[in-house]
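**Student:** just the structure for this:
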Amino acid sequence: MKPLTVLFFGSQGAGKGTQVKMLIEYLQSKSNRVIIRIDMGQELRNLRDTGTYAGKLTGEIIDNGIRIYDFMAIYLQTKKLVDNFTGEEHVIADGLARGEDQTRGFDDMVKFFKREDLQIVNLVISDDTAVTRLLARGRNDDTEEAIRRRLAWTKTDVVPQLELLKSRGRLIHEIDGEPDVESIHKNILSVLGLAQ
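**Tutor:** So this is what the prediction gives:
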């Protein structure tokens with residue numbers, strides 16, 4: 001199996017984390033390649049929890065459902081690959097490309113690392129489904145108000161990034177994120193050419 005480079009899109013609550021986890025488990029069962037996982041939400045929470053000045057400022061932003069500055073996302077995603085990537089690993093990313101600079105930064109990064117076969121999986125759900133799922137998750141940054149704010153900037157800041165990636169020749173797979181997780185997982189494997 002050749003190394004995969006997949007970037008997941010979808011509003012908060014679309015099930016990206018679950019689907020990324022299932023894809024990683026599938027890849028681990030089929031190949032012995034190392035998997036580099038870039039989960040921007042987790043990277044930002046990790047930074048927040050360091051107690052550093054940068055961590056404190058990051059927490060003030062993300063705990064209020066506001067989008068982090070592009071430079072920080074670009075720094076964190078780039079550092080992850082610069083520090084860990086040898087060219088052979090699968091790269092599975094989500095929570096990236098939240099604004100034009102981040103998108104170009106990620107796309108330029110995969111070009112630099114000679115991963116021209118980047119594929120994008122976009123999980124599509126309704127706002128009501130997103131709110132219901134996120135409130136059920138019970139994370140402390142998941143108040144309905146913060147969720148609605150994040151969903152609003154997803155539409156204004158994130159959705160246009162799919163068009164930008166398309167204009168740069170990237171393959172985008174639209175996946176219905178409403179059905180059960182197994183069905184979604186099978187659809188993802190199918191579009192990535194991994195179907196059993």
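
**Student:** low-confidence stretches in this protein?
**Tutor:** 196 (pLDDT under 70).

**Student:** that one: strands as residue ranges?
**Tutor:** Ranges of strands in the chain, per DSSP state E, are 5-10, 35-39, 90-94, 119-124, 171-176.

**Student:** next, the angle strand 5-10 makes with the fourth one.
**Tutor:** Angle of strand 119-124 versus strand 5-10, following axes from the mean of the first three to the mean of the last three C-alpha atoms, to 10 degrees, is 20 degrees.

**Student:** ok, residues contacting strand 119-124?
**Tutor:** By C-beta atoms under 8 Å, 6 or more residues apart in numbering, the residues outside strand 119-124 that reach it are 4-10, 14-16, 19, 162, 165, 170-177, 184, 188, 191-192. No exception for glycine: its C-beta is placed from N, CA and C like everyone else's.

**Student:** now do stretch 29-36
**Tutor:** Here stretch 29-36 has contacts from 1, 3, 24, 27-28, 80-81, 84-85, 88-92, 194, using C-beta under 8 Å, 6+ apart.

**Student:** ok, of the residues you listed, which come out buried?
**Tutor:** Among the contacts of stretch 29-36, those buried by neighbour count (16 or more other C-beta atoms under 10 Å) are 3, 27, 80, 81, 89, 90, 91, 92.

**Student:** from residue 173, how far off is the first one?
**Tutor:** If I follow you right, that is residue 3. 18 Å (C-beta to C-beta, to the nearest Å).

**Student:** and what of residue 80?
**Tutor:** Distance of residue 80 to residue 173, computed by C-beta to C-beta: 23 Å.

**Student:** ok, residue 181 next?
**Tutor:** To residue 173, residue 181 is 17 Å away according to C-beta to C-beta.

**Student:** neighbour count winner among the two?
**Tutor:** Higher neighbour count among residue 181 and residue 173: residue 173, with 16 against 13, using other C-beta atoms under 10 Å.
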